[in-house]
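Colleague: Whatever this is, show me its structure:
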Amino acid sequence: QVQLVESGGGLVQTGGSLRLSCAASVRTFSTYSVGWFRQAPGKEREFVGSIRWSAGSGPYGDSVKGRFAVSRDNANNMVFLHMNNLRPEDTGVYYCAATRPFGAVSTATEDYIYWGQGTQVTVSS
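Modeller: I've put the predicted structure just below:
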């Protein structure tokens, strides 16, 4: 069983930056592909970005391309979401999610098995 814990959310002004962290409870986290999703009030959960278990870059959502990047620190069992040039429409609860070991990245929520509890990001205008 993999437990994921997100952190790093908060309140930021338009144009600002944040780095979200996703810490995993397993030492083999390097074998899991990871996706980031977000959910705004009243909206469906939306794919943001991903990283392959091999550390290769995965796909990104169209609305964040060029602004967000996902990286990982396998030595510390962590994945990060680097968010730059934030906009009010980026506001929401951000979740990290992991596939089965050696699983492929995906933009679909149903392809991820393990989920964190989420961290709130609020971008003020």
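Colleague: Which neighbouring elements make contact with the helix-or-strand element of the chain with minimal mean pLDDT?
Modeller: When the helices and strands of the chain are scored by mean pLDDT, DSSP states H and E, strand 57-60 comes last with a mean of 92. Strand 57-60 sits against strand 46-51, strand 68-73, with contacts defined as 3 or more C-beta pairs under 8 Å, 6 or more residues apart in numbering; DSSP states H and E. Glycine gets a C-beta too; all of them are placed from N, C-alpha and C.
Colleague: what comes into contact with that strand?
Modeller: Ser33, Gly35, Phe47, Val48, Gly49, Ser50, Ile51, Arg52, Phe68, Val70, Val105, Thr107 (C-beta atoms under 8 Å, 6 or more residues apart in numbering).
Colleague: and stretch 21-32, how far apart are its ends?
Modeller: Counting by C-alpha to C-alpha, to the nearest Å, you get 16 Å between the two ends of stretch 21-32.
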